[in-house]
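>>> heads up, no residue letters with this:
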């Protein structure tokens, strides 16, 4: 494939999407030279230094790299809390009154539900009323909720505080991708998304290690509280720096009225919750009646699509459905969903096997994820820099490495299960981490490559919804096979872990297949950007 056919198309160089009347024009295939200069849009007015849409007056924000660091700090603590709590569950169960098994399950699933529920509405709020404002509100709320978690006197208060944490995370996270869209152009945007991908991989993988260090330092009874307290200084510093370095909404945009589409938000929220709930509660909710919620989710999603089509005729919808006609966006969201279904359960079942099966301490169990974090962090940074050259082919290569790494983990567990397992896992986890770094951040870049800047928040929220749904489905599917194998083998983790990770392998294989099909289709059609 010629190099010019592999480069992602900048959204600012494609025809801009107007929400009133010209809504469907966004779905037209972008051309190298637009037929006419795009009109001044809301997002253009919000950018004090120009829009970067190929206009001669574009000037990069001099604080953009400092702003990126702030975004990664805020987004990092949210992602860290997805995995850091895993190694703290035993400490919570033994040290907190009222921490019943049901409460402990909700400490995990409540966060995931609340997080997924607010991602798209949070992105829409940022697009409409100011991304810096919503970012600061999200960080502040997350910091307060973390303090409440740390001081929780019983299990009920901790569950409620975790729900608030999840809502705050859902509000904050889409602002990160939207601000990257707004502040960076061209290869710089790929680099920025590479650093964001490194943050995703490192925060997810390093969470168990940080949790283990804190519990070791402060003891089993109260160590879990510091798992939440660690967010407080990071949150406070992030808020203070945000006022200085994040771009404010331009004066021309402040008085503009926006449509928030409350009916669309409610329908989408109902669909997300109905889809996530049976998966995140799969172990606690034994009745098969829970799967009827998946049917309800499909109904709510159908109603949402019908409503959005009608609403978009005259007003601004929550989501421009025309985005899904762009192959780069629809494929990217789907690939993220199936990839996270395979990637996220790895640390869930591996931590359980090391702690419960081999009686590793929380610290040692967490340390096993370090090779993955190192590989992911380095590869994400590199992937962000070269994605404009290789396009979706880079993701195909990355997912192949993840498959090899997961296959290596399965082989190691099957042949070397014992006290030295952690050392045997170093190489396969490093390979899987490198592959993950070449998958997550390049996919984020390519998925948003044709999304207009003014829709960056809601579009970024959709990618995160896909990732959260995929994570919930993956953990439920892998966990079901894992627990069933352990039960049938009377506690043999050496048998249960490979079978569970085999399901992860299948999900990553599906992501690889999607990437290969898209590369082939791109070559046949000769379309710009193999996305």
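Sure, I can see it. Note that the structure is a prediction, hence the values are computed from the model and not measured.
>>> roughly how far apart are residue 353 and residue 493?
According to C-beta to C-beta, to the nearest Å, residue 353 and residue 493 sit 5 Å apart. Yep, even glycine has a C-beta here, placed from its N, CA and C like the rest.
>>> in the stretch 201-350 of the chain, which spans are helices?
223-229, 231-245, 251-254, 262-280, 292-311, 327-343, 345-352 (DSSP state H, counting those that start in this stretch).
>>> what residue lies at the spatial centre of this structure?
Nearest to the mean C-alpha position of the chain, by C-alpha atoms, centre = their mean, lies residue 464 at 4.2 Å.
>>> please name the residues that touch that residue.
By C-beta atoms under 8 Å, 6 or more residues apart in numbering, the residues touching residue 464 are 119, 173, 174, 177.
>>> Serialize the residues you listed to a markdown table and add fields for secondary structure.
Formatted as a markdown table, the contacts of residue 464 follow (DSSP: H, G, I helix; E, B strand; the rest coil):
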| residue | secondary structure |
| --- | --- |
| 119 | helix |
| 173 | helix |
| 174 | helix |
| 177 | helix |
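>>> tell me the one of the residues you listed nearest residue 207?
residue 173 (15.6 Å; C-beta to C-beta).
>>> how many residues are close by the closest one?
Residue 173 has 29 neighbouring residues, counting by other C-beta atoms under 10 Å.
>>> which residues does it contact?
With C-beta under 8 Å, 6+ apart, residue 173 has these contacts: 75, 78, 115, 119, 122, 138, 460, 461, 464.
>>> do the same with residue 498
By C-beta under 8 Å, 6+ apart, the neighbours of residue 498 are 410, 413, 414.
>>> quick one: low-confidence residue ranges for the stretch 401-531 of the chain.
By pLDDT under 70, the low-scoring segments of the stretch 401-531 of the chain are 526-531.
>>> which strand or helix spans the residue nearest to the centre of the chain?
Following DSSP states H and E, the helix or strand that holds residue 464 is helix 456-488.
>>> could you list the buried residues of that helix?
Under the neighbour-count criterion of 16 or more other C-beta atoms under 10 Å, helix 456-488 has 456-479, 481-483, 485-486 buried.
>>> likewise stretch 412-429?
Buried residues in stretch 412-429 (16+ other C-beta under 10 Å): 412, 413, 417, 421, 422, 424, 425, 428, 429.
>>> kindly report the same for stretch 276-284.
276, 277, 278, 279, 280, 281, 282.
>>> and what of stretch 394-411?
In stretch 394-411, counting by 16+ other C-beta under 10 Å, buried: 394-403, 405-410.
>>> in the stretch 1-150 of the chain, where is pLDDT below threshold?
Using pLDDT under 70, the stretch 1-150 of the chain drops low at 1-58.
>>> show me the strands in it, by range?
In the stretch 1-150 of the chain, no strands are defined using DSSP state E, counting those that start in this stretch.
>>> residue 321 contacts residue 309, doesn't it?
Yes - using C-beta atoms under 8 Å, residue 321 is in contact with residue 309, at 6.7 Å.
>>> tell me which helix or strand the spatially closest residue to residue 206 that is not a sequence neighbour sits in.
Of all residues not flanking residue 206 in the chain, residue 373 sits nearest, at 4.6 Å (C-beta to C-beta, 6 or more residues apart in numbering). Using DSSP H and E, residue 373 sits in helix 370-390.
>>> burial count for the closest residue to residue 226 other than its chain neighbours?
Nearest residue to residue 226, sequence neighbours excluded (C-beta to C-beta, 6+ apart): residue 214, at 4.4 Å. As a burial measure, residue 214 scores 25 neighbours (other C-beta under 10 Å).
>>> so who does residue 214 touch?
223, 226, 227, 230.
>>> hang on, the third one packs against residue 216?
No - in terms of C-beta under 8 Å, residue 227 does not count as a neighbour of residue 216; the distance is 11.7 Å.
>>> ok, those two, which is more surrounded?
residue 227 (27 against 15).
>>> identify the residues contacting the residue lying closest to the more buried one once chain neighbours are set aside.
Spatial nearest neighbour of residue 227, chain neighbours left out: residue 88 (4.7 Å); criterion: C-beta to C-beta, 6+ apart. Contact analysis of residue 88 by C-beta under 8 Å, 6+ apart lists 211, 215, 223, 224, 227, 362.
>>> between the residues you listed, which is nearest residue 504?
When these are compared against residue 504 (criterion: C-beta to C-beta), the nearest one is residue 211, at 21.6 Å.
>>> report how many residues lie close to that closest one.
Neighbours of residue 211 (other C-beta under 10 Å): 30.
>>> now do the contacts for it.
Here residue 211 is in contact with 83, 84, 85, 86, 87, 88, 227, 362, 366 (criterion: C-beta under 8 Å, 6+ apart).
>>> so which of the residues you listed is the closest to residue 385?
residue 83 (26.4 Å).
>>> tell me who's in contact with the closest residue to the closest one other than its chain neighbours.
Closest residue in space to residue 83, ignoring its immediate chain neighbours: residue 207 at 3.2 Å, by C-beta to C-beta, 6+ apart. Applying C-beta under 8 Å, 6+ apart to residue 207 gives the contacts 79, 80, 81, 82, 83, 84, 85, 86, 87, 347, 366, 369.
>>> by neighbour count, which of those wins?
Highest count within the contacts of residue 207 by other C-beta under 10 Å belongs to residue 87, 32 neighbours.
>>> I'd assumed residue 212 was in contact with that residue.
Yes - using C-beta under 8 Å, residue 87 makes contact with residue 212 at a distance of 5.2 Å.
>>> now do the shared contacts for these two.
362, 365, 366.
>>> and which of these is nearest residue 101?
For these, the nearest to residue 101 is residue 362 (18.8 Å; C-beta to C-beta).
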